[in-house]
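K.L.:
sequence first, predicted coordinates after that:
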Amino acid sequence: MTDQPPRPKRSSVFIDAAMDSQQQSASMQTVRIRNLSEGGAKIEGKAPPVGTAILLSRGDLEIAARVAWVSDRYFGVAFDEPVAVEQLMRAAAKPGAPDRPVYAAALTEGVGRVQPEPPRRRTTPLDRATFGLRVAPRS
């Protein structure tokens, strides 16, 4: 068994960011960061080729990285320098947003649970005279 340094703690998140793949043919695109650590991230979006230098931006924060792996709709990036995870999650937060990060588990809380049915309103026959309707006699 080889001695490898422990893998940095990863947080499952749901964060939109802008990505510039720094290629002439590619333009800036919006991607979704799905998990994050101080050394890299798993991103959902159109992936550039492995080894491509990218720049992720969120608010005033910009992070230089390289594409490390690519699969169907996800790809992984390795950051050029370690990133403060909390700082990235707070970047460009809307005024009044919680100062703690929103993790994916919080977004899916309650999903799949059976919700109780709302109480049904009791319907009563309409009093047609109230609405000025005249009921024609049956012939």
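P.N.:
Thanks, I have it. Numbering: from 1, shown residues only.
K.L.:
next one: Lys9 from Ile43, what distance?
P.N.:
18 Å (C-beta to C-beta, to the nearest Å). C-betas here are computed from N, CA, C, even on glycine.
K.L.:
hey, where'd the strands end up in this protein?
P.N.:
Secondary structure of the chain (DSSP state E): strands at 11-20, 29-36, 40-44, 53-58, 61-70, 74-79.
K.L.:
if we can go back for a sec, more neighbours: which of Lys9 and Ile43?
P.N.:
The neighbour count for Lys9 versus Ile43, taken as other C-beta atoms under 10 Å, is higher for Ile43 (25 against 9).
K.L.:
quick one on the thing from earlier: looking at the strands of the chain, which one is packed in the most?
P.N.:
Most buried of the strands of the chain, by mean neighbour count (mean count of other C-beta atoms under 10 Å): strand 40-44, with a mean of 22.
K.L.:
who does that one pair up with?
P.N.:
Looking at strand 40-44 with DSSP bridges, its partner strands are strand 29-36 (antiparallel), strand 74-79 (antiparallel).
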